[in-house]
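# Turn this into a model:
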Amino acid sequence: MARIAERTPAAGPDVIHIGCPKTATTFIARFLESQPEVTIDHFGAISAPGSAGPFSAKEPLPAKIHVSRRETLGLSLCVVGDVESWRRNMYAPDSWNLVKKDLDLDPATTALRLQRSHPNAKILLTVREQVDWLHSAYKYSVPALPPTRRSFADFCATPMGIVYLQAGHFDRTITAYLDVFGADRFRVLRFEDIVSAPKRFAAELCAFIGISERPIPQRRENESNAQMARLLRWFPIFDLLPRKIKYALKPYAERLPAGRSMILSSRDIRMIRSIYAASNQRTEELLLQLSGSKS
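Numbers count the residues shown, from 1 in each chain. Predicted coordinates:
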């Protein structure tokens, strides 16, 4: 087990988990928080040069490994202009032209910026099959969409939807961080392996972080419910309910038929798979390259 012998708070994080969002970032954070060798912080949703510090954190401690969760970096989402304009319009369909000048979505630029500020950190990226990933992002975003604009196409027409669509070309992000940080300090884990290969996922995660290997729990964290998203999409009157009542209804919505099923249409699914077919082939080649560098 690797161990950090000496460190100071000024040294910064040892590992930065850059996401992507909706790829078990909360699940992994909960797992790492439970480990005695680790301290962890969580930076906010807006990534910007010179942005404020974490909104939840444990102070780095000597002889402990400090992990920083910054999942919007996996989206290469950096607001370099009017942050308030972004916040107002991020879930407004057809408002891309209002915010595009304020954003930098280039993964190479994001990787270089992160390397300059944390040159000795290791970088963890988690990815997820795009149909499942975009479906999860869409479910999560439905309550933020305008009541009459809650289809998947509407989500894709929002600035946040466009950010997700661009970030789904995982090969671009992997290439950028591999070029800047190198294979020894960069690791990619698949969301799907949490269920299909939990022992391998735990072994790779723990080895990369530098802690004793432990089994990962088989539970869900921070998951949006498909049936609740359907109700909010079809019956905007639910928006008028107090938040406490919405949360109280969520467990009952999960028990309804198709509570966890896909709400994307077959046409949506075909479109997503077509968009990323070439990118996914390059991603597989890059992951084989990374796997070879570990052996």
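
# which SSE is the residue lying closest to residue 188 once chain neighbours are set aside in?
Among residues not flanking residue 188 along the chain, residue 125 sits closest, at 4.9 Å (CB to CB, 6 or more residues apart in numbering). In short, each C-beta sits where N, CA and C put it, glycine included. Using DSSP states H and E, the element containing residue 125 is strand 122-127.

# Please enumerate residues in contact with the following helix or strand past that strand?
Next helix or strand after strand 122-127 toward the C-terminus (DSSP H and E): helix 130-141. Contacts to helix 130-141, defined as CB atoms under 8 Å, 6 or more residues apart in numbering, come from residues 20-23, 91, 127-128, 152, 155, 158, 160-161, 164-165, 168, 191, 223-226, 228-229, 262-264, 269, 272-273, 275-276, 280.

# Next, the angle from the strand holding residue 125 to helix 130-141.
Counting by axes from the mean of the first three to the mean of the last three CA atoms, to 10 degrees, strand 122-127 lies at 90 degrees to helix 130-141.

# how about the top helix by length along the chain: buried residues?
If you go by DSSP state H, the chain has its longest helix at helix 266-294. Of the residues in helix 266-294, 268-269, 272, 276, 280, 283, 286-287 count as buried by neighbour count, 16 or more other CB atoms under 10 Å.

# Next: stretch 153-173.
154-165, 167-173.

# With stretch 201-214 instead?
201-202, 204-206, 208-211.

# Restricted to helices, list these.
Those of the buried residues of stretch 201-214 lying in helices (DSSP H): 201-202, 204-206, 208-209.

# Redo the residues you listed as JSON lines? Include pLDDT.
Converted to JSON lines, those look like this (pLDDT from 0 to 100):
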{"residue": "201", "pLDDT": "96"}
{"residue": "202", "pLDDT": "96"}
{"residue": "204", "pLDDT": "96"}
{"residue": "205", "pLDDT": "97"}
{"residue": "206", "pLDDT": "96"}
{"residue": "208", "pLDDT": "97"}
{"residue": "209", "pLDDT": "96"}
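
# Closest one to residue 109 out of those residues, please.
Nearest to residue 109, judged by CB to CB, of those is residue 208 at 24.4 Å.

# I'd like the distance between the residue nearest to that closest one when sequence neighbours are not counted and residue 130.
Spatial nearest neighbour of residue 208, excluding adjacent residues (CB to CB, 6+ apart): residue 187 at 4.5 Å. Look at residue 187 and residue 130: by CB to CB, to the nearest Å, they are 20 Å apart.

# so where do the helices sit in the stretch 1-150 of the chain?
For the stretch 1-150 of the chain, the helices identified by DSSP state H, counting those that start in this stretch occupy 25-33, 83-89, 96-99, 107-117, 130-141, in order along the chain.

# in the stretch 51-200 of the chain, what spans have low per-residue confidence?
51-62 (pLDDT under 70).

# hey, where'd the strands end up in it?
For the stretch 51-200 of the chain, applying DSSP state E, counting those that start in this stretch gives strands covering 56-57, 65-69, 78-79, 103-104, 122-127, 186-190.

# Same list (those strands) but as JSON lines, adding mean neighbour count.
Below are the strands of the stretch 51-200 of the chain laid out as JSON lines (neighbours: other CB atoms under 10 Å):
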{"stretch": "strand 56-57", "mean neighbour count": "13"}
{"stretch": "strand 65-69", "mean neighbour count": "25"}
{"stretch": "strand 78-79", "mean neighbour count": "20"}
{"stretch": "strand 103-104", "mean neighbour count": "18"}
{"stretch": "strand 122-127", "mean neighbour count": "24"}
{"stretch": "strand 186-190", "mean neighbour count": "20"}
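
# for residue 115, what are its contacts?
180-181.

# And residue 178, how far from residue 135?
28 Å.

# Please say which of those two ends up with more neighbours.
Shown here are residue 178 and residue 135; by other CB atoms under 10 Å, residue 135 has more neighbours (24 against 20).
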